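Enquirer: Quick check, what structure comes out for this input:
(2 chains)
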2 protein chains.
Amino acid sequence: MALLVQKFGGTSVGTTARIEAVAEKVCRFRSEGHDIVVVVSAMSGETNRLIGLANEIMDEPTPREMDVLVSTGEQVTIALLTMALKKRQCDARSYTGSQVRILTDSAHTKARIRNIDEERMREDLAAGRVVVVAGFQGMDELGNITTLGRGGSDTTAVALAAALKADECQIYTDVDGVYTTDPRMVDSARRLDHITFEEMLEMASLGSKVLQIRAVEFAGKYNVPLRVLSSFEEGSGTLITLEEDSAMEQAVVSGIAFNRDEAKLTISGVPDTPGIASRILKPISNANIEVDMIVQNVGADNRTDFTFTVHRNDFKRAREVLEGVASELKAREVSGDSKIAKVSIVGVGMRSHAGVATKMFEALSDERINIQMISTSEIKVSVVINEKYLELAVRALHSVFELDKSEIEA
Amino acid sequence: MALLVQKFGGTSVGTTARIEAVAEKVCRFRSEGHDIVVVVSAMSGETNRLIGLANEIMDEPTPREMDVLVSTGEQVTIALLTMALKKRQCDARSYTGSQVRILTDSAHTKARIRNIDEERMREDLAAGRVVVVAGFQGMDELGNITTLGRGGSDTTAVALAAALKADECQIYTDVDGVYTTDPRMVDSARRLDHITFEEMLEMASLGSKVLQIRAVEFAGKYNVPLRVLSSFEEGSGTLITLEEDSAMEQAVVSGIAFNRDEAKLTISGVPDTPGIASRILKPISNANIEVDMIVQNVGADNRTDFTFTVHRNDFKRAREVLEGVASELKAREVSGDSKIAKVSIVGVGMRSHAGVATKMFEALSDERINIQMISTSEIKVSVVINEKYLELAVRALHSVFELDKSEIEA
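Expert: All right, here's what the predicted structure looks like:
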């Protein structure tokens, strides 16, 4: 008998038939004696429909009213799911974010949760009811409706789990867990039974779009065990926790993440003086362009080269900004390449293992893949390579780090 | 400078283009210096779409969840209208029923308003903002979302007007006012400038479906001047107030109402004893069939005939019930007729004028129309006739009572 918070996303509740399937699943858990709080998103397509209506009126709709508008999406789902549960003799009650109440700040369309009143939910759970909560929304201190921004239902689920000190927060999606790498690229990619929050954060931000980063951060902060599993198939999914798995030897590398949405820009021959990095990057950030990797090489003759990556959509604009910077700084040259890919190995195990980076570079060298940039963190090594070698690199690294073998053997 | 509550129904806000037109209209009133509270319904079709979703899951959806579901319809409209107002530099703020707050009892799907907190609305009005309120909904003391039942947005508007002591409650519809009779039937039908609540109630319940009966009752009870006008055309509409128009001589008859949705049932030769009416009608009402007109003739030989009308949809069922009653009471016969129509003359003026009924009967007799049933109230005389004479009867009465002439001359 556990207290579980279960979150079902837009695809999982996309039709009334799918809502009935979710009700089936929830009832099964309930009949096993678990206490259940369900968090749901809007039916898939609904949020876009509502945003479309708003855009017929205004290009940049008033944020307060946008929240009033889009929050109706989840409200529809909680009502329908609660009906589907009641139909199955599974007592249930729905709550909007305001009703729970999930108190947020007043930053409409991107509010942050401040406090959750778990009193009413506890009463319902004690009375044997399933509690169905609208994800993605809350209210501020003045009673205005707020939303947490798109995809924020994951965050709602984690926040409720933290407030209720739930045994587990289960995120049901259209994949059955977190993989060692993208199974569409590597046949032998394997579902991980267990991963740490840190690893998940590195995997998520590098392109394994299973969970919202903010939700993972939140779960890590409040130590809420998080499980990713499939809405449509049976299986235990991937459990994400604070601690490494001590019961077995941890793999050095847990997964290979990659990203082909980036482009690389280099400004060469800039004066090697203090403050040069900010003089280069400030105009970029002022243009609202996000920068990912940044590498500065040691220079000669008091000159240095400076390279960074941006999203591929921002490549042209970033290059224009950089040309301006270059002429100001009397730099030698601006060059760029949008046909690059980033590949990363991720794993808490590498903290205690020397030579992981070397092993990675050797593996790429064996495949004659040239490394253009390198960047490292405690639990991650990322390289930028020519886009056309991406598949080759991912497969080689997946094999070298033995990710196709089961965790027990690793 | 007046305080106006303006209500726009589903057709008036059926598309974003129409919502923009409503915003245009509201801004115009605002720029004339009036304080405005706007009440809106769901976009036409939306409530039915939501009910359709619920019915895909359950035939008789849980009432509490039904309210959570359908209340999203108006919530979408308040957000969109507020955006359209802000776009026009007309400051505005939206409120759901819960946010206002409109406190109701807990009778989900047919709740009644208990109390309205006008504090927040007053603050907004004082700050020069238009207040946009979702019609049709409220919340109970426990914070559950409730709805007032279909069409209840009129009631919301009147209740807000009463709470705010507004100068006028304006109901914008797809007709430009209340007519002496249906203009589709009588070419010379004339829009009434003024009518009393009592007259409006008799007109509404008799088939002039311009306003919800409950809203009119409410307006009468709290003496809120009510005005019906067109969303789409200019014009001053029809003002509905408590008092008769003393400034001019009041017409004896204000309008001709009619209804062809009824059917007539007669049980003949029942014992003429006390309690016979209830013995006949109780089984009908137990079967949840509503009865409209009831006529009992004086009988002979301690036997009497008893006739009543029901909605045509209930005719077959009511007849079956009545057959049972007849055999119990050893009645002579049960007969029925579904090809009937009811025609009524309505007017507060008839209180002080004798002979109005006689004039009506003579007019029908002149057209050789047989009267099957008669029923009267203080401000109304209704007759049941053969359906095929309906148009003829309405036109004759409209002319005899000089309703095609302007009120000043009457």
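Enquirer: what residues go with each domain of chain A?
Expert: As given by automatic domain parsing, the domain ranges for chain A are A:3-173, A:245-410.
Enquirer: which helices and strands sit right next to the helix or strand hosting A:A161?
Expert: Per DSSP states H and E: A:A161 is located in helix A:153-164. Using 3 or more Cβ pairs under 8 Å, 6 or more residues apart in numbering or on different chains; DSSP states H and E, the elements in contact with helix A:153-164 are strand A:3-8, strand A:35-40, strand A:113-116, helix A:119-126, strand A:130-134, strand A:168-173, helix A:213-221. Any C-beta I mention is one placed from the backbone N, CA and C, and that applies to glycine too.
Enquirer: would a markdown table of the ones you listed with mean neighbour count be doable?
Expert: Listed next are those as a markdown table, based on neighbours: other Cβ atoms under 10 Å in any protein chain shown:
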| stretch | mean neighbour count |
| --- | --- |
| strand A:3-8 | 24 |
| strand A:35-40 | 28 |
| strand A:113-116 | 17 |
| helix A:119-126 | 15 |
| strand A:130-134 | 27 |
| strand A:168-173 | 24 |
| helix A:213-221 | 20 |
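Enquirer: Please identify which of these is closest to B:T266.
Expert: When the helices and strands packed on helix A:153-164 are ranked by proximity to B:T266, the top entry is strand A:130-134, at 53.1 Å, counting by Cβ to Cβ.
Enquirer: what's the next secondary structure element after the closest one?
Expert: Downstream of strand A:130-134 (by DSSP H and E), the next one is strand A:137-139.
Enquirer: Just give the closest residue to A:L229, not the sequence neighbours.
Expert: A:G237 (3.0 Å; Cβ to Cβ, 6 or more residues apart in numbering or on different chains).
Enquirer: That neighbour contacts A:V228, doesn't it?
Expert: Yes: A:G237 lies in contact with A:V228 (Cβ atoms under 8 Å); the separation is 5.1 Å.
Enquirer: which residues do those two both contact?
Expert: Jointly contacting A:G237 and A:V228 under the rule Cβ atoms under 8 Å, 6 or more residues apart in numbering or on different chains are A:G177.
Enquirer: low-confidence ranges in chain A?
Expert: In the predicted model, chain A carries pLDDT under 70 at residues A:150-151, A:205-209, A:245-250, A:406-410.
Enquirer: Please enumerate the helices of it.
Expert: A:16-31, A:46-57, A:63-87, A:97-100, A:119-126, A:153-164, A:197-205, A:213-221, A:276-286, A:315-329, A:356-366, A:390-400 (DSSP state H).
Enquirer: would you turn the helices and strands packed on helix A:153-164 into a markdown table with distance to chain B?
Expert: Shown next, in a markdown table, are the helices and strands packed on helix A:153-164 (distance: least, Cβ to the nearest Cβ, whole Å):
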| stretch | distance to chain B |
| --- | --- |
| strand A:3-8 | 15 |
| strand A:35-40 | 12 |
| strand A:113-116 | 15 |
| helix A:119-126 | 8 |
| strand A:130-134 | 9 |
| strand A:168-173 | 19 |
| helix A:213-221 | 25 |
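Enquirer: Can you redo the ones you listed as a markdown table, where the extra columns are distance to A:K87?
Expert: Listed next are the helices and strands packed on helix A:153-164 as a markdown table, based on distance: least, Cβ to Cβ, whole Å:
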| stretch | distance to A:K87 |
| --- | --- |
| strand A:3-8 | 17 |
| strand A:35-40 | 15 |
| strand A:113-116 | 29 |
| helix A:119-126 | 18 |
| strand A:130-134 | 13 |
| strand A:168-173 | 20 |
| helix A:213-221 | 30 |
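Enquirer: Run through the residues of the stretch 1-150 of chain A sitting next to chain B.
Expert: By Cβ under 8 Å from any Cβ of the partner chain, the residues of the stretch 1-150 of chain A that approach chain B are A:16, A:19-20, A:50, A:53-54, A:56-58, A:61-62, A:64-66, A:68-69, A:71-72, A:75-76, A:78-80, A:82-84, A:86-87, A:93-94, A:96, A:98-99, A:143, A:145.
Enquirer: could you flag which of the residues you listed are buried?
Expert: A:16, A:19-20, A:50, A:53-54, A:56-57, A:61-62, A:64-66, A:68-69, A:71-72, A:75-76, A:78-80, A:82-84, A:86-87, A:93-94, A:96, A:98-99, A:145 (16 or more other Cβ atoms under 10 Å in any protein chain shown).
Enquirer: Contacts only, for the closest residue to A:V298 other than its chain neighbours.
Expert: Counting by Cβ to Cβ, 6+ apart, A:V298 lies nearest to A:T304, which is 7.0 Å off, once chain neighbours are set aside. A:T304 sits next to A:G269, A:V270, A:P271, A:D272, A:I276, A:Q296, A:N297, A:V298 when contact means Cβ under 8 Å, 6+ apart.
Enquirer: can you do 10 Å?
Expert: A:267-273, A:276-277, A:296-298, A:331 (Cβ atoms under 10 Å, 6 or more residues apart in numbering or on different chains).
Enquirer: So in terms of bridging, what pairs with it?
Expert: Beta-bridge pairing for A:T304 (DSSP bridges): A:V270.
Enquirer: Return the nearest residue of the stretch 201-350 of chain A with respect to chain B.
Expert: For the stretch 201-350 of chain A, the residue closest to chain B is A:S231, as judged by Cβ to the nearest Cβ, at 17.6 Å.
Enquirer: That residue: neighbouring residues, count only.
Expert: Neighbours of A:S231 under the rule other Cβ atoms under 10 Å in any protein chain shown: 20.
Enquirer: And A:A257, by the same measure?
Expert: Counted with other Cβ under 10 Å, A:A257 comes out at 24.
Enquirer: Would you check that it makes contact with A:I195?
Expert: No: the criterion here is Cβ atoms under 10 Å, and A:A257 misses it with A:I195 at 11.9 Å.
Enquirer: list residues touching both of the two?
Expert: With contacts defined as Cβ under 10 Å, 6+ apart, the residues shared by A:A257 and A:I195 are A:T180, A:E202, A:M203, A:V346.
Enquirer: how close does the third one sit to A:P63?
Expert: Read it as A:M203. In this structure, A:M203 and A:P63 are 32 Å apart, going by Cβ to Cβ, to the nearest Å.
Enquirer: Compare these two (neighbour count), which wins?
Expert: Counted by other Cβ under 10 Å, A:M203 and A:P63 do not tie: A:M203 has more neighbours, with 29 against 15.
Enquirer: Roughly how far does the residue of the stretch 201-350 of chain A closest to chain B sit from A:E46?
Expert: With Cβ to Cβ as the criterion, A:S231 and A:E46 are 17 Å apart.
Enquirer: isn't A:V68 right next to A:T62, touching?
Expert: Yes: using Cβ under 10 Å, A:V68 and A:T62 qualify as a contacting pair, with a distance of 9.3 Å.
Enquirer: Could I get the contacting residues of whatever residue is furthest in space from the centre of chain A?
Expert: Going by Cα atoms, centre = their mean, the residue of chain A most distant from its centre is A:D301, 43.2 Å out. A:D301 makes contacts with A:G269, A:P271, A:D272, as judged by Cβ under 10 Å, 6+ apart.
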